[in-house]
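K.L.:
need coordinates for the following:
(4 chains)
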Number of protein chains: 2
Amino acid sequence: MTEDKVKKIKMTPQRAAILKYLDGNTSHPSAETIFEAVRKKYPMISFTTVYNTLQTLKDLDRVRELNIDDERKRYDPNVNIHHHLICTNCRKIVDIRMDFPLNVPDEKAQGYMISGRHVEFYGLCPKCRNKKKNNY
Amino acid sequence: MTEDKVKKIKMTPQRAAILKYLDGNTSHPSAETIFEAVRKKYPMISFTTVYNTLQTLKDLDRVRELNIDDERKRYDPNVNIHHHLICTNCRKIVDIRMDFPLNVPDEKAQGYMISGRHVEFYGLCPKCRNKKKNNY
DNA sequence: CCGTTAATATGTAATTATTACAATATAATA
DNA sequence: TATTATATTGTAATAATTACATATTAACGG
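P.N.:
Down below sits the predicted model:
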């Protein structure tokens, strides 16, 4: 019954390269960033393979897709609960590892069965704060 | 100094129609939904005008752009702080009007100047809960 | 009330991210 | 080592959004 998702995937050099790039990566890369990075080591990899692999990893809960950047999806190999802080200027995303009390009482849940939560913070990253300052 | 953004915009029938549709609207429509709705009353409106107007309203802080749906941007005329609950199946979004203690101590903010916050909850809406049930 | 003009609307084309698909290649297994 | 299900590749298709040039019009002053 407790169908542990131990589904195994075929290991290919492409997947290995993507996994290696993602392992411990806290930069929340986009598919394109991943593609460019992996391509340096593995020049023949295709963009489609990156997307396919990310989809597979998502299905296996080995990667989390973030919709925090309005221009592109970002990917996070850290699938443990944590939150994010995004720069409104350069879109750099960093982790916020804190627990917030986020209980929603039934009468506020409007019949939804809540299964996940995510806190997004917006602001200027240190670099962009300085840039703005120097503009004056 | 306290540059109150009272910038006035030229009122056109198109903008009036969009504003009327958005006023008090809690359905978090996409640009396309807005376009289709407004088109019923105002058939000659163009999609570009909808996008332009949304951009203008965003700049004036009269509308908030939501990146909660991974397929398209959503728009919310309620610019007061509130949070959202999205159905992972049909993407219906409802408001959660609750205050959460979301203070981030400086040592966790990593140099960012935090100016905004948003809590997203994920789950199945009542309709989708029932659908799933009936599949078994 | 009318003329002027800066702002806006429109339609089309371009861009960007992502997905679909068909043909080829290959990891895993027996 | 042969088999085969699965993955990779390249290209083409989609979908959302943006850019841009042209035509239109709201708002203001006279």
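K.L.:
and chain A, what are its domain boundaries?
P.N.:
A:9-80, A:82-136 (automatic domain parsing).
K.L.:
anything in the shortest one near chain B?
P.N.:
Yes - in this structure, domain A:82-136 sits against chain B according to Cβ under 8 Å from any Cβ of the partner chain; the contacting residues are A:85, A:87-88, A:94, A:96-98, A:100-102, A:104, A:108-126, A:129. (Glycine included, C-beta is placed from N, CA and C.)
K.L.:
near residue A:82, how many other residues are there?
P.N.:
16 (other Cβ atoms under 10 Å in any protein chain shown).
K.L.:
check residue A:34 too.
P.N.:
24.
K.L.:
how about the residues of chain A that lie near DNA strand C?
P.N.:
With Cβ under 7 Å from any atom of the strand as the criterion, chain A meets DNA strand C at residues A:8, A:10-13, A:30-32, A:47-48, A:51, A:55, A:71-73.
K.L.:
sitting in helices, which of the residues you listed do you find?
P.N.:
A:13, A:31-32, A:47-48, A:51, A:55 (DSSP state H).
K.L.:
farthest-separated two in the residues of chain A next to DNA strand C?
P.N.:
Within the residues of chain A next to DNA strand C, A:8 and A:71 form the most distant pair, 34.3 Å apart (Cβ to Cβ).
K.L.:
only the buried subset of the residues of chain A next to DNA strand C, as a ChimeraX command please.
P.N.:
With 16 or more other Cβ atoms under 10 Å in any protein chain shown as the criterion, this ChimeraX line picks the buried residues out of those:
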select /A:30,31
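K.L.:
from one end of stretch A:73-90 to the other, what's the distance?
P.N.:
15 Å (Cα to Cα, to the nearest Å).
K.L.:
and that stretch, how far out from the chain's middle?
P.N.:
5 Å (Cα atoms, centre = their mean, to the nearest Å).
K.L.:
so residue A:67 makes contact with residue A:75?
P.N.:
No - between residue A:67 and residue A:75 there is no contact under Cβ atoms under 8 Å: 11.1 Å.
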